[in-house]
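A.B. asks: build me a model from this:
(chains A and B)
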2 protein chains.
Amino acid sequence: MGSIVALAGQVGGAKLAEGLYRMRGSGLSVIANTGDDYEHLGLMFSPDIDTLLYTLSGIAAHDSGWEPEHESHAVSDMLRLLGGPTRPILGDRSLAAPILRTEGLRADRSLTQVTLGLARNLGIEARVLPMSNDPVRTYVATEEGSVTFQDYFMELGCEPRVTGFQYAGAADARISDEVLDALHAEDLEAVIICPANPYHVIRPILEIEGMAALLRKRGAPVIAVSPIVGGRALKGSAGKIMLELGREVSARSVAMEYLRLIDGFVMDHEDEALAEGIAASGMSVLTARTIMRSLEDRVTLAATVLEFAATVRRRKLEDSEI
Amino acid sequence: MGSIVALAGQVGGAKLAEGLYRMRGSGLSVIANTGDDYEHLGLMFSPDIDTLLYTLSGIAAHDSGWEPEHESHAVSDMLRLLGGPTRPILGDRSLAAPILRTEGLRADRSLTQVTLGLARNLGIEARVLPMSNDPVRTYVATEEGSVTFQDYFMELGCEPRVTGFQYAGAADARISDEVLDALHAEDLEAVIICPANPYHVIRPILEIEGMAALLRKRGAPVIAVSPIVGGRALKGSAGKIMLELGREVSARSVAMEYLRLIDGFVMDHEDEALAEGIAASGMSVLTARTIMRSLEDRVTLAATVLEFAATVRRRKLEDSEI
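C.D. replies: Numbering: from 1, shown residues only, chains lettered A, B, ... in the order given. Model prediction:
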């Protein structure tokens, strides 16, 4: 079996990454979005990396997904007592990775080295790779000004109307050697874009200088899975943002977001009616059960997506032989 | 009523400081030892300052004294899971002050500003003042080499035989303006050296360039309270260290440690037999109940010490009038 590269972030993306990991183990590399990383209280938070670490190691809380199970809030309570910032801080267990990350970065280790170390210590055999060691920050342009995604989400509660996105630093960021290795692997079988917000999870990865070109140049098929089902975002603010950007809230908008990048698109059975229109744009389309409630759901969807990728890959080969 | 300055650190020192605080409120300034401060996991720990903050604000755990009550260890558990350093880290609540301190120092606030801010937020009316804003590190010289007090205590379990102490940085450290103000206050009534290890709690304060001279120059009496009762340290390693330094484990050794600095010495009734000998060295001596189990004990000892200071002060005045 060949190797797989997944692009991921957020809880939904991590869920499919877990399914792929259960199928392929050490054959999986996950490129994690770092555009939503932020510094708070002097600590470096990487929400998408940590969600992946908790999910792939099996310690993520069942309900929230982005934090370890059995989370508590003693540090936060004490910070409040000491007059610390009112902005909420993560729970106790969720602070451990940022503390070690901050220490590692200050000691001049790269974000990739730090992340691989944490993953190894958690017993994760897949490679969790930050999209770059260089800082990229996603800014949400709103009618009230441009703010980081963290501020949009935490301070503003996703309230202001969104008019666009900027990915500061992306044009100057270098793809890390580890990401290059994963994408240049001779046995690369497929690149899977996991279901996550296209604007602030997947796009920042694609905006890294050279990343989109590299994905297109690889022979392996690129397959995206829709985070939108039946006109609603499965989680988070993707639906609201789509609407404000003047787009239809649908799997079709997600597919068009990845036009000329992906070879195949997977969306929910519920959106069957959109299949023909999307296929007309030149990509293969598959409908499947995309809602992942249990671990079994994650593995089943992963298997479906990998099988679809194999089909698309064969079709590509046949096309190129013609 | 005039103002009081206390020199303090450790749990015993904080207990008497609390008694003085209950007597004098905002009239008290506590100079805290920072010689045992250390950096771990990129965070700045100031154990003596934090013990004072928790004790004076009434949130210190009854048993341990140096940490807030209801302490938990979720961050520590998670750090272990993530392969963080094996050296134990403080509990969850105990991390909040170091997190805010580290952030403040990195933002170029002084240790004094940070500490006063935390004390104010905890509702403490007394002034908790680091002995200096400049770093001073206490090294324990042992037969196995010189180590920081933290390493001696945490890594080596106070095992190696102690041959001496060094106070790195003390000669270059500046007394902070806030400490100068407290010691130059016109209404200064007494300076109280709280019961704490003379070698790594009180001595580092006295080693700051100019501090001992300043204490001697003030008109106010300097009174020390013994941390040794009946040949044993009330807490910690003071007894063991005294023995290894070739000194008698007794209140007398403590008094001699402060010779030519203090005007009065308070020790336990149990050590009554030593009083005459110590008084012969030229200081006033008082015996009292010095073991502080309850808040009432702390207040009672504080009242006794302040009354003794007033007597010593009158005696000094009479002597100078002769």
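A.B. asks: from A:V128, how far out is whatever residue of the stretch 201-322 of chain A ends up closest to chain B?
C.D. replies: As assessed by CB to the nearest CB, chain B sits closest to A:L295 within the stretch 201-322 of chain A, at 20.2 Å. For glycine as for every other residue, the C-beta is placed from the backbone atoms N, C-alpha and C. Distance of A:L295 to A:V128, given as CB to CB, to the nearest Å: 18 Å.
A.B. asks: between the two, who's got more neighbours?
C.D. replies: Taking other CB atoms under 10 Å in any protein chain shown, A:L295 and A:V128 do not tie; A:V128 has more neighbours (31 against 13).
A.B. asks: partner residues bridging that one?
C.D. replies: A:V30 (DSSP bridges).
A.B. asks: from A:E18, how far out is it?
C.D. replies: In terms of CB to CB, A:V128 sits 12 Å off from A:E18.
A.B. asks: which neighbours do those two have in common?
C.D. replies: Counting by CB atoms under 8 Å, 6 or more residues apart in numbering or on different chains, the shared contacts of A:V128 and A:E18 are A:L56.
A.B. asks: other SSEs contacting the least confident helix or strand in chain A by mean pLDDT?
C.D. replies: Least confident helix or strand, chain A: strand A:232-233 with a mean of 79, by mean pLDDT, DSSP states H and E. Contacts defined by 3 or more CB pairs under 8 Å, 6 or more residues apart in numbering or on different chains; DSSP states H and E place strand A:232-233 against helix A:238-244.
A.B. asks: which parts of the helix it packs on are buried?
C.D. replies: Buried positions in helix A:238-244, judged by neighbour count with 16 or more other CB atoms under 10 Å in any protein chain shown: A:A238, A:G239, A:I241, A:M242, A:E244.
A.B. asks: mind checking how far that helix is from the chain centre?
C.D. replies: 18 Å (CA atoms, centre = their mean, to the nearest Å).
A.B. asks: just stretch A:115-125 next, same as before
C.D. replies: Per CA atoms, centre = their mean, the centroid offset for stretch A:115-125 relative to its chain is 18 Å.
A.B. asks: could I get the buried residue list for that stretch?
C.D. replies: Within stretch A:115-125, the residues that count as buried by 16+ other CB under 10 Å are A:T115, A:L116, A:G117, A:L118, A:A119, A:N121, A:L122, A:I124.
A.B. asks: one more: stretch A:273-281?
C.D. replies: Of the residues in stretch A:273-281, those buried (16+ other CB under 10 Å) are A:L274, A:A275, A:I278.
A.B. asks: kindly report the same for stretch A:294-302.
C.D. replies: Residues of stretch A:294-302 classed as buried: A:D297, A:R298, A:V299, A:L301, A:A302 (neighbour count, 16+ other CB under 10 Å).
A.B. asks: can you put those in TSV and add pLDDT and distance to chain B?
C.D. replies: Below are the buried residues of stretch A:294-302 laid out as TSV (pLDDT from 0 to 100; distance: CB to the nearest CB, whole Å):
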residue	pLDDT	distance to chain B
A:D297	97	26
A:R298	98	22
A:V299	98	24
A:L301	98	28
A:A302	98	25
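A.B. asks: from those, which land in helices?
C.D. replies: The members of those that map onto helices under DSSP state H are A:D297, A:R298, A:V299, A:L301, A:A302.
A.B. asks: A:D48: which of the residues you listed is nearest?
C.D. replies: A:R298 (17.2 Å; CB to CB).
A.B. asks: following the helix or strand encompassing A:E39, which helix or strand comes up?
C.D. replies: Using DSSP states H and E, A:E39 maps to strand A:38-40. Downstream of strand A:38-40, the next assigned helix or strand under DSSP H and E is strand A:43-45.
A.B. asks: may I have the strands that pair with that following strand, each with its orientation?
C.D. replies: Partners of strand A:43-45, by DSSP bridges, with direction: strand A:38-40 (antiparallel).
A.B. asks: which residues sit against the strand it pairs with?
C.D. replies: In contact with strand A:38-40 (CB under 8 Å, 6+ apart) are residues A:F45, A:P85, A:R87, A:I89, A:T148, A:Q150.
A.B. asks: just the buried subset of these, please.
C.D. replies: Buried members of the contacts of strand A:38-40, counted by 16+ other CB under 10 Å: A:F45, A:I89, A:T148, A:Q150.
A.B. asks: of all these, which two lie farthest apart?
C.D. replies: Comparing every pair within the buried ones among the contacts of strand A:38-40 by CB to CB identifies A:I89 and A:T148 as the most remote, at 16.3 Å.
A.B. asks: all strands of chain A, in order?
C.D. replies: Along chain A, counting by DSSP state E, strands occupy A:3-8, A:28-32, A:38-40, A:43-45, A:127-130, A:137-142, A:145-148, A:162-168, A:188-193, A:222-225, A:228-229, A:232-233, A:264-268, A:284-288.
A.B. asks: any chance of the buried ones among the contacts of strand A:38-40 in a markdown table, with distance to B:E103 too?
C.D. replies: What follows is the buried ones among the contacts of strand A:38-40, written out as a markdown table (distance: CB to CB, whole Å):
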| residue | distance to B:E103 |
| --- | --- |
| A:F45 | 14 |
| A:I89 | 12 |
| A:T148 | 18 |
| A:Q150 | 17 |
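A.B. asks: what's the pLDDT at A:I322?
C.D. replies: You'll see A:I322 listed with a pLDDT of 65.
A.B. asks: again, but for A:G219
C.D. replies: At A:G219, the pLDDT recorded in the model is 81.
A.B. asks: now swap in A:E207 and tell me
C.D. replies: What the model reports as pLDDT for A:E207 is 97.
A.B. asks: what sits against it?
C.D. replies: Neighbours of A:E207 in contact, by CB under 8 Å, 6+ apart: A:V136, A:Y167, A:A170, A:A171.
A.B. asks: the helices in chain A, which residues?
C.D. replies: A:10-24, A:47-56, A:74-81, A:92-106, A:111-121, A:149-150, A:177-184, A:203-207, A:211-217, A:238-244, A:251-257, A:275-279, A:295-321.
A.B. asks: can you list the ones you listed in TSV and add distance to B:L286?
C.D. replies: Below are those laid out as TSV (distance: least, CB to CB, whole Å):
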stretch	distance to B:L286
helix A:10-24	66
helix A:47-56	58
helix A:74-81	38
helix A:92-106	47
helix A:111-121	57
helix A:149-150	59
helix A:177-184	70
helix A:203-207	70
helix A:211-217	77
helix A:238-244	73
helix A:251-257	81
helix A:275-279	90
helix A:295-321	71
